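Student: For reference, the sequence and a predicted model appear below.
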Amino acid sequence: LPSLAYSCAQMQENEAKAAKASGLEMWTLMSRAGQAAYHTLRVHLLQGTKPNHITVLAGKGNNGGDGYVVAEAALKDDINVLLGQVGDHMSLKGDAATARDRFLAAGGVITPIDDAFTIPDDTDAIVDGLFGTGLSREIRQGPFTRAIDLASKSKAKKLAIDIPSGLHGDTGNVLGTVLSADATITFIGVKKGQFTGKAPQHVGILYFAGLGVEQAFDEIVSSPAAELVAFNRVRHRFMPLRPLAAHKAAFGKVVLLGGNNGMSGAIRLAGEACQRTGSGLTRTLTHPASQQAVMFGRPELMVTAAQDVNAFSHWIDWATVLAVGPGLGQDDWAQGVLRLFLKHASKPSVVDADALNLLAKSPQHNPHWVLTPHPGEAGRLLGIRCPCT
Ligand SMILES: NC(=O)C1=CN([C@@H]2O[C@H](COP(=O)(O)OP(=O)(O)OC[C@H]3O[C@@H](n4cnc5c(N)ncnc54)[C@H](O)[C@@H]3O)[C@@H](O)[C@H]2O)[C@@H](O)CC1
Ligand SMILES: [K+]
């Protein structure tokens, strides 16, 4: 996959410019997109086995047009095709209408997606050409949801053209309903929403086809929406090679605050993670009830346990970096820990879990902090209710 990701608006605004700069007609792009989708279907999704029957679901835009190109290619390979069309196929325009006409000329038949529409049990694969980058609002109950419901119930393998229909290409949010794909083939540039939000659940294996204009596209769009970073490319920033004669004191001192009575797990795991990722020295500051659980079987972790949180002051001063919150709770002890932490708030710190919940009650901003909220904590901090809680 390429390393730059784009928004849907960037795709829509610049595809034609990239085609022009590459000396290609827009129809050529659609034709290549459909051929790439057909290739992905045959080679990757069906692993080279020839299907007897495929179902193509077509919407009203160019995503549907790509679907018609797939359908035409399949017909020419003597594969039976059920082409389900949402709405009147006569309303298709431009290249999508050309793709439809070519499919009809090759002997294809268009079946409207109405209340009587079904997907046969023995279809080998479903190709989703309902919505691509043009999805702009919630999908309402009707033929689109019927098509998506039927596809979801089918055991056939599913290939999404460009984006699984219902997934928003910018956010990865589901707009009403979504067709979960086994694989997605995306064109020209990858879209940010193929990696964020609910995308991992619905995109399946993501394939990319640049259609011969990807380079021009990257040059035209100077500020992509996101950069995809593979861990191997950046691991040296986190775990640089260490001098053979180095000493533990050269690699920083982490102090973790949390682990209230009955909540020793998170602080211990956080401590272990610090050790694994290279901290020279790691000390946890916990409630006395958690001391044994944190230390047991993890002798490299240092622990200071105290009911009176003032005992922690010295170690907070000692730290290079702090993390507060794992297993902290919200009782008097937890509030005392947070107050103490706030007195040292200029140290680089990770603020997590219950520290965020306490902070949400009297919010403050600090440029030295990295906040790591889950969606519920983020909702509390932002003063909005997260539907996930
Ligand atoms: N423009 C290009 O250069 C290329 C475009 N291609 C394909 O074209 C797609 C984009 O095509 P379009 O811009 O036509 O967009 P789509 O085919 O994604 O659909 C747009 C249509 O759906 C409607 N719509 C949006 N949300 C809706 C909702 N919730 N309920 C009902 N209708 C809704 C819009 O009003 C519009 O009529 C890409 O994802 C890609 O698959 C490819 O052919 C490659 C080349
Ligand atoms: K799609």
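Tutor: Looks like it came in fine. Residues are numbered from 1 along each chain as shown. Ligands and ions are numbered 1, 2, ... in the order given.
Student: alpha carbons only for contacts and neighbour counts from here, please
Tutor: OK.
Student: Show me the contact partners of the helix or strand of the chain with the lowest mean pLDDT.
Tutor: When the helices and strands of the chain are scored by mean pLDDT, DSSP states H and E, helix 231-238 comes last with a mean of 80. Counting by CA atoms under 8 Å, 6 or more residues apart in numbering, the neighbours of helix 231-238 from elsewhere in the structure are residue 277.
Student: Go ahead and name everything in contact with the next helix or strand after it.
Tutor: Sequence-wise, the next helix or strand beyond helix 231-238 is strand 253-257, with elements assigned using DSSP states H and E. Here strand 253-257 makes contact (CA under 8 Å, 6+ apart) with 267, 270-271, 274, 279-286, 315-316, 318-326, 328, 337.
Student: and residue 377, what does it touch?
Tutor: The contact partners of residue 377, taken as CA under 8 Å, 6+ apart, are 353, 356-357.
Student: Mind putting those into CSV with secondary structure?
Tutor: As requested, these are arranged in CSV below (DSSP: H, G, I helix; E, B strand; the rest coil):
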residue, secondary structure
353, helix
356, helix
357, helix
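Student: So which of these wins on neighbours?
Tutor: Neighbour counts for the contacts of residue 377, by other CA atoms under 10 Å, peak at residue 356, which reaches 23 neighbours.
Student: any idea which element the closest residue to that one other than its chain neighbours lies in?
Tutor: The shortest distance from residue 356 to any residue that is not its chain neighbour, by CA to CA, 6 or more residues apart in numbering, is 6.6 Å, and that residue is residue 377. When elements are assigned from DSSP H and E, residue 377 belongs to helix 375-382.
Student: In three-state terms, how would residue 107 be classified?
Tutor: Under the three-state scheme (three-state DSSP), residue 107 adopts coil.
Student: Pull the contacting residues for it.
Tutor: By CA under 8 Å, 6+ apart, the residues touching residue 107 are residue 75.
Student: One more: residue 83?
Tutor: 55-58, 68, 71, 108-111.
Student: That one is in what secondary structure piece?
Tutor: Taking DSSP H and E as the criterion, residue 83 maps to strand 80-85.
Student: Sheet-wise, list the partners of that strand with their directions.
Tutor: Taking DSSP bridges as the criterion, strand 80-85 pairs within the sheet with strand 53-58 (parallel), strand 110-112 (parallel).
Student: hmm, the longest one touching ligand 1?
Tutor: Read it as strand 53-58. No. Judged by CA under 6 Å from any ligand atom, strand 53-58 makes no contact with ligand 1; its nearest approach is 8.6 Å.
Student: Is ligand 2 within reach of that strand?
Tutor: No. Judged by CA under 5 Å from the ion, strand 53-58 makes no contact with ligand 2; its nearest approach is 8.6 Å.
Student: centre of the chain versus that strand, how much separation?
Tutor: 27 Å (CA atoms, centre = their mean, to the nearest Å).
Student: Report the mean per-residue pLDDT for the following helix or strand past that strand.
Tutor: Beyond strand 53-58 in the direction of the C-terminus, DSSP H and E gives the next helix or strand as helix 62-76. Per-residue pLDDT values over helix 62-76 give a mean of 98.
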